[in-house]
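**Q** Provided below for reference: sequence and predicted model.
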Amino acid sequence: MNNEPLLELTGINKSFGPVQALKDISLTLRANEIHGLLGGNGAGKTTLMNVLFGLYKPDSGLIKLRGQPVEINAPRDAIELGIGMVHQHFLQVNDFTVAENIVLGTRLPNRPTMDLSGAVEQITELSIRFGLEVNPKAPIAALPMGVRQRVEILKALYRGVEVLILDEPTTHLTPQEVEMLFQSLQLMVAEGMSVVFITHKLREVMAACHTISVLRDGQRMFTRPRDEVTEEMIVRNMVGGDIALEESLLFSEAPEDERTYDRQAQPVLDIQGMRIDGEATALVDSVSLAVRPGEILGIAGVAGNGQQEMVEGILGIRPIAAGAVLFDGQDVSGAATEHILGLGVAYVPQDRQQDGFLPKASIAQNLILGAQRQQPYSSRRGFMNWKAIYTSARSLIAEYSIRAQDPKEPAANLSGGNIQRAMLARAFSRPIRLLIAHNPTSGLDIPSVEFIYSRILDHRQQGGATLLLSENMDELVLLSDRIAVIYEGRIAGILDRSTFDAYEIGRLMSGANDDD
Amino acid sequence: MTNSQALRRESPAVGAARTLVPYVVAVLAAFAAVGILLALMGFDVMRAYATILGTSFRTPNGFVQTLIKWVPLVLQALAFTVPLAAGKFNIGGEGQMIVGGIGAAAVGITFSDLPLPLLLPLVMMAGMAFGALWVLGPAWLLYRFNINEILTTVLMNFVAFQLIDFVATSIWPDPAAGHPTTLPIGAGGKLPLLIAHPPLHSGILIAILAAILVYVYTDRTSAGYELLATGANPRASRVYGIKVRRMFFLSLLIGGALAGLAGAIEVSGVHGRLIEGFHSNFLLLGIIVGLIAKGNNAAVPFVALFIAILEVGASAMQRTMAIPGEMVFIVEALILIFVLLTDVVRRR
Amino acid sequence: MADTPLINFASLVMMAVVPYLLASQGTMLAGRTGLFIVSQEGVMLVGASVGFLGAYLFDSLAAGMVLAMLAGGLFGVALAYFTTNLKMDQFVIGLALFFLGLGLSSLLFKIVVGVTLQPPIIPTLDRLPIPLLSEIPVLGPILFDQNILVYLSILLSLFLYFFLYKTSTGLSLRAVGENPKAADSLGVSVTRWRYATTIIGSMLMGLAGAYLPMVYTGTYTDGIVRGRGWLAIALTFFGGWSPQGILLGSFFFALVEILALRVQVTDIGLPHQFLRMLPYLATILVMVFAFRRVRAPAFLGQNYDRESRTSS
């Protein structure tokens, strides 16, 4: 194997506002290697690669290609230098064919009409060479996700890249497709390319990569050849051994021995065999879960395994194809969302901008969304009581440390962390029996995270039930009484707090049980 | 944000001034731009602007003219802003006003013998009902098939132009009139005058009441809150239990009723009959008012008053100085564009 | 040559196709990059006014057409700047420009011509029979004995079809409206394409407006466009946002227009007003079907911001 560095990143720093996402990171890629980039949520993997691909401009740092410093200001520059990236969310034009998507933006001979035959030939050649089977003339919208991903890879290969970055490439793939992808990657590096494989799945990185780097909190923990690394070592470095946050929360507010609840009590939320249909397959299938008073039920899973659909099914936003949802023993399947929320359910959505937030409205107006017909915000006759709303908003702003002086301020001024505090304030501003929170701390700074954890634990202490869906393993382990793992719309397993094991959860999340 | 921190220490008066400043800037910029144009054309700019802004206040007649213009203007503006609150564009206020006028005239002519306490409310209600009816189709198509309401509402305007022509020439034509006009409505259907000289009809009270009711609805009731939430983020509103499609439908119907009311008032208070073309350009002015007010229903009546002043002044300017009245339309469109520009500047 | 009423009727339909065709192809072109123009009616009025005045002042219809296109182009520049650079709402600023056009068209006419009872008249556009082809029985007088803009607008439609679907440049253009982020990530400039198509599209709308005084009335009157700008938007949807669909659809729109005018002359017992409603009601009816069948460009009406990290 050739051991010359192909690409060197040195001292990369990048901040988003007050959050330093990358802290003086250096990374070296060699030809002929698949380089696994591992880390939890917010570790900086994707940010680092977006810098390399020219999507983000670094605050400082140096990029060298074959020993020569290079300037990358836009994806165009990266492509010209031979760096390609396959994003987790594909960037494809739905009503184009495979070939049209691949050649987009390149020059083609016109004689007199655009001549795709040369390109089709080249695409076919590439797909055979690297085992990336596609039909160049197929319309892309009709293709399964696995094939669409091959198109993304071919897009980069067609432009002759030497460094290929794959961001969580297995998210949309079946185990068989994952195997095929790994084989293709081996063929690429055998020809001298270098592949960066961003993931948080241990099994995959161990199976496919030659070199492994682990990132945590914007820093590189280590880079080692595959043979010198154990799974345990990776986990320890990904999770971190001494998190002050963990201690402060666990020991000051919810000591281990106090974590009991009545396991025989009637569940607040009882999901029985829920199925939700998508266009082709079931998005949620045979899901049965119960959340009891004083319990936090964590839902672990890779994004896009049916979590969002499941929540929307519970809340009546999405129709349920089969099964039932019971609230305090009453069947609420098929009821209107308004009714379900009125029973004492609060929802903190994952996509707070899209699903939870009224940017054009004031902070106070945001804080009553969903409760606008309840007293004291509204009189029995349906008149708003703005005085009560502002009074309540003012106290919520203070209690939840939302950075705003006046409830009449436009909500659009709030930062992400403050929006999330407002979401939580809204959720807890009225008596509730069930909290449904989906990735409640994603993208937040440490004080906000700690604050939100303490609120959720308070709710638990007071006997409330919580359904906590999260892609952050630390969060789930820290807060949950039980953790259910969801994989492709089904519950892959449920673990009790006494048997929590990050590795076992990760195994279930990656569909390991499917393989056996 | 340091900017908003500075804001917090201000007194309410300074805060109000801050909201007004962009408007003042926009108005001045629009006047300046058109002023240059007028000067290039050799007109006396100062005199032109004195006429535009002063006519409404110089004579009682001018003032009453302004109020009479204000009535359909504010109603048309609200017919636009109520659906706008839900994020929908009602560009069909013209047709809704015409058909509202037809409804008012139909009732006023058919039941012309009824006494005022009976006939007048009937005339007004007919106007609102017919106006709402005219937007029912587009609203239903939006509700049922998600069909773009901008096009359907605007196309219904052109249908209404033909309908009024038909009504005024074939159903209740007034043979003595040289222009498509219906017979007069019964005396009981006419709005009583508040002031006899110059004549000011009592429709202004109805418009004020309508403006207050709309404001109370959108800003003071939970149903109105749901309307605003729908417009601010339909997806989030749906997640939190608001039936957004129903909101779209309802908001268009209310808009239609308001525009229809404008038509009824014009028929009953100004003309006493239905005259083709009575809708004038109130729809366009109403949309401009609504957009300048940025959909704020508390601001709509005041913006409408300002535009009414400009309109009355523009007619005077055309009469006395031979400056085309369209000049003021340019001013209004420019004010709107400059108001939008100040938004951009503030965002940065 | 038999100048039968039917041939005459078909010939009138061909003539009426032009304004719809030009304005809709302009709408389609910009829409294909994601920019939804709604100021057609205003831009066409300006085109009618400027086109008439240009032809009147320079004594040349060609000069009128060029000026009308320039005036339309200015509206395109404004719309592109306000939406791509300043990120203003496409509908709101589109409406504002519609108002501006409405006022400007009437104002310009009054400034130049003054307020007269007897407005000046320009000669209307001559027929330009194509040698040999126009001699073909029936089809000749319908298709090949028309004014130059009939030929040009149909050729333009064919060219646009070729350009959009058969060239790599057209591929890039379509990608911008379908997924600007994908296009941008491959080096296709969203801003540049939106400027280009909006300006060209608005120029076509200006020309569409100029056609009306030059072919029908010989002079400018307020409201001369009579909703054709709005109908053009509907036609664009009806034509499935494709040049060939719009070309076919424009015959339908023109047919309905001429039918409504014709039938009212020959008394069929229905009041003529109801026939005049026909084009608008037919359009609404057509939209019920078109809107469900047709997929508009995915990013139609949405501004693009590269820095935004939320959308995917």
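**A** The structure has been received and is ready for your questions.

**Q** buried sites along the strand or helix carrying residue B:336?
**A** If you go by DSSP states H and E, residue B:336 is part of helix B:326-347. Buried positions in helix B:326-347, judged by neighbour count with 16 or more other Cβ atoms under 10 Å in any protein chain shown: B:326-343. Heads up, the C-betas are built off the backbone N, CA and C, glycines and all.

**Q** tell me, which of the residues you listed make contact with chain C?
**A** Among those, the residues lying close to chain C (Cβ under 8 Å from any Cβ of the partner chain) are B:326-327, B:329-330, B:332-334, B:336-337, B:340-341, B:343.

**Q** now, among the residues you listed, which is nearest to residue A:411?
**A** If you rank those by distance to residue A:411 using Cβ to Cβ, residue B:343 comes first, at 16.7 Å.

**Q** ok, the closest one - contacts?
**A** Contacts for residue B:343 (Cβ atoms under 8 Å, 6 or more residues apart in numbering or on different chains) come out as B:22, C:88.

**Q** and the gap between it and residue B:30?
**A** Using Cβ to Cβ, to the nearest Å, residue B:343 is found at 15 Å from residue B:30.

**Q** Let's see the pLDDT reported for residue 160.
**A** Defaulting to chain A. Residue A:160 carries a pLDDT value of 91.

**Q** try again with chain C
**A** 97.

**Q** what ranges do the helices span in the stretch 101-250 of chain C?
**A** For the stretch 101-250 of chain C, helices defined by DSSP state H, counting those that start in this stretch occupy the ranges C:139-143, C:148-166, C:168-178, C:180-185, C:190-212, C:228-238, C:243-265.

**Q** do the fourth one and chain A meet at all?
**A** Yes: Helix C:180-185 is in contact with chain A by Cβ under 8 Å from any Cβ, via C:181-185.

**Q** Tell me which residues are up against that helix.
**A** Contact with helix C:180-185 is made by A:75, A:91-93, A:101, A:104-105, C:34, C:172, C:175-176, C:190, C:299, C:304, C:306, C:311-312, as judged by Cβ under 8 Å, 6+ apart.

**Q** Among those, which lie within helices?
**A** Among those, the ones falling in helices (DSSP state H) are A:75, A:101, C:172, C:175-176, C:190.

**Q** What is the most widely separated pair among those?
**A** Pairwise distances across those (Cβ to Cβ) peak at 16.8 Å, for the pair A:101 and C:190.

**Q** Give the residue from those two that has the larger number of neighbours.
**A** residue A:101 (26 against 23; other Cβ atoms under 10 Å in any protein chain shown).

**Q** My guess is that one contacts residue A:158. True?
**A** No: counting by Cβ atoms under 8 Å, residue A:101 does not reach residue A:158; the two are 10.1 Å apart.

**Q** just to revisit the earlier point, where neighbours are concerned, which of the residues of helix C:180-185 next to chain A has the most?
**A** residue C:183 (28 neighbours).

**Q** And the one helix or strand residue A:276 maps to, what does it pack against?
**A** Using DSSP H and E, residue A:276 falls within strand A:269-277. Under the contact definition 3 or more Cβ pairs under 8 Å, 6 or more residues apart in numbering or on different chains; DSSP states H and E, strand A:269-277 sits against strand A:282-291, helix A:307-314, strand A:322-327.

**Q** Quick one: those as JSON lines, columns for distance to residue A:338 and mean pLDDT too.
**A** Listed next are the helices and strands packed on strand A:269-277 as JSON lines, based on distance: least, Cβ to Cβ, whole Å; pLDDT from 0 to 100:
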{"stretch": "strand A:282-291", "distance to residue A:338": "21", "mean pLDDT": "94"}
{"stretch": "helix A:307-314", "distance to residue A:338": "14", "mean pLDDT": "95"}
{"stretch": "strand A:322-327", "distance to residue A:338": "14", "mean pLDDT": "95"}
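
**Q** As CSV, those with mean neighbour count and distance to chain B would be great.
**A** As requested, the helices and strands packed on strand A:269-277 are exported to CSV (neighbours: other Cβ atoms under 10 Å in any protein chain shown; distance: least, Cβ to the nearest Cβ, whole Å):
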stretch, mean neighbour count, distance to chain B
strand A:282-291, 21, 17
helix A:307-314, 24, 8
strand A:322-327, 18, 14
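
**Q** what's the distance between the residue nearest in space to the middle of chain A and chain C?
**A** Closest residue to the average C-alpha location of chain A: residue A:303 at 5.0 Å, with Cα atoms, centre = their mean. Distance, residue A:303 to chain C, by Cβ to the nearest Cβ, to the nearest Å: 12 Å.

**Q** Enumerate every residue touching the nearest residue to that residue once chain neighbours are set aside.
**A** Nearest non-adjacent residue to residue A:303, counting by Cβ to Cβ, 6 or more residues apart in numbering or on different chains: residue A:471, 5.7 Å away. Residues counted as contacts of residue A:471 (Cβ under 8 Å, 6+ apart) are A:41, A:300-303, A:439, A:442.

**Q** Could you report the neighbour count for residue 97?
**A** Going with chain A. Residues within reach of residue A:97, counting by other Cβ under 10 Å, total 19.

**Q** switch to chain B, that's the one I care about
**A** Neighbour number of residue B:97 under other Cβ under 10 Å is 37.

**Q** and it, what pLDDT?
**A** Note on residue B:97: pLDDT of 98.

**Q** Confirm it sits in a strand?
**A** No: judged by DSSP: H, G, I helix; E, B strand; the rest coil, residue B:97 forms no part of a strand; its state is helix.

**Q** Any figure for the gap between residue B:233 and residue A:296?
**A** Using Cβ to Cβ, residue B:233 is found at 29 Å from residue A:296.

**Q** Same drill for these two, tell me which one is more crowded.
**A** Neighbour tally, residue B:233 and residue A:296, criterion other Cβ under 10 Å: the higher count belongs to residue A:296, 27 against 24.

**Q** dump the residue contacts of that one.
**A** Counted by Cβ under 8 Å, 6+ apart, residue A:296 has contacts A:456, A:460, A:466, A:468, A:479-481.

**Q** Run through the residues that contact residue C:238.
**A** Neighbours of residue C:238 in contact, by Cβ under 8 Å, 6+ apart: C:245-246, C:249, C:252-253, C:283, C:286-287, C:290, C:294.

**Q** All set, thanks.
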